[in-house]
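Fold the stuff below for me.
(one chain, ligands or ions: 1)
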Amino acid sequence: MQQRIEMDPYEKLFLKIGLLVLVVWLIVIGFEGFIANINPPTGSQTVDPAKYSISPGLNKTGPDTYDAYYVAKAFTFQPNDLKIPVNSTVHFYVTSADVVHGFFVPHTDLNMMAVPGWVNNETHRFTKKGTYLLLCHEYCGIGHQDMFAKIEVQ
Ligand code: CUA
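Numbers count the residues shown, from 1 in each chain. Predicted structure coming up:
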């Protein structure tokens, strides 16, 4: 004869609460993703990940404004060394050619994800000269810790 496992009533209650929280969370996530269409932050445009992306580089759009197009790819950023004059306002457009990468420039408000199929964007005005480090801060594989680039403000 099989032995019945006796469960403490409180243990049963906590299991039920845990299950309920999980179900509510899945419903909320499902609603956000599929119905409310909440997607990667700042994702303004989509690109075909197969073709894969935008062409990386810097375009001057005004006397002190630029558009900087970045492609993140394991384990580099293109462009790898961006040179801009001080007091420039730069609109950054970022996508990935493979997996999710990060796009983070310490001491600025630039902090994005690089997501395949999406172009995320943020703007920053560089008022101090110097070399800024651009880091990948999303774990993306074996070379993640070597994935960085430079932004030189001259
Ligand atoms: Cu790219 Cu971590």
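
For the residue nearest to the spatial centre of the chain, name its beta-bridge partners.
The centroid of the chain falls nearest to Met113 when counting by Cα atoms, centre = their mean (0.5 Å). Beta-bridge pairing for Met113 (DSSP bridges): Gly102.

For Lys60, list the residues it contacts.
Going by Cβ atoms under 8 Å, 6 or more residues apart in numbering, Lys60 touches Tyr66. Yep, even glycine has a C-beta here, placed from its N, CA and C like the rest.

So what pairs up with it in the strands?
Beta-bridge partners for Lys60, by DSSP bridges, are Tyr66.

if I look at it, how far off is Phe92?
15 Å (Cβ to Cβ, to the nearest Å).

roughly how far out does stretch 71-87 sit from the chain middle?
On the basis of Cα atoms, centre = their mean, to the nearest Å, stretch 71-87 sits 15 Å off its chain's mean C-alpha point.

For it, give me every contacting residue.
Contact with stretch 71-87 is made by 52-54, 56-58, 64, 66, 68, 70, 90, 94-99, 101, 103, 114, 125-129, 134, 136, 140-141, 143-144, 146-154, as judged by Cβ under 8 Å, 6+ apart.
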